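1. sequence and predicted structure, then a few things I'm wondering about:
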Amino acid sequence: QVQLVESGGGLVQAGGSLIVSCAASGRTFVKYAMGWFRQAPGKEREFVAAISWSGGETYYADSVKGRFTISRDNAKKMVYLQMNSLKPEDTAVYYCAASPPDYTGSPVQDEYTYWGQGTQVTVSS
């Protein structure tokens, strides 16, 4: 069992930066690959980024590649999403999720077992 709690969302101007964090609890956290998804108003939830259990492999949606960086600290049971050069279209609720290692890097929501409650990121123009 893994519980996930996101934090760090907020309001930022276009071109700015923000870090959202995901705190995990549960002894099996290190066995899971992790991902970030987002859902904008009126849109379906979409894949943003993912990272392997070791942190050695990372995956990004084309829309954020080169601007966002996913990382994890297994000792602290934390996952981070560093977001740079933010655009108004990045406005969304950001969710972290955990998947079994067989699905490392998957953009498919159904392959993630545990989800956080989300944190709002708003980018003003």
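-> Received the coordinates, thanks.
2. CA only for contacts and neighbour counts going forward, please
-> Noted.
3. does Phe44 count as helix, strand or coil?
-> For residue 44 the amino acid is Glu, not Phe. coil (DSSP: H, G, I helix; E, B strand; the rest coil).
4. so where do the strands sit in this structure?
-> Under the criterion DSSP state E, the chain contains strands at 3-7, 10-13, 18-25, 33-39, 46-51, 58-60, 68-73, 78-83, 92-99, 114-115, 119-124.
5. flag every buried residue along the third one.
-> In terms of neighbour count (16 or more other CA atoms under 10 Å), strand 18-25 has its buried residues at 18-24.
6. swap in the second one?
-> Going by neighbour count (16+ other CA under 10 Å), the buried part of strand 10-13 is Val12.
7. need the contact partners of it.
-> 18, 86, 120-125 (CA atoms under 8 Å, 6 or more residues apart in numbering).
8. between those residues, which sits nearest Val79?
-> Nearest to Val79 among the contacts of strand 10-13 is Leu18, at 14.0 Å by CA to CA.
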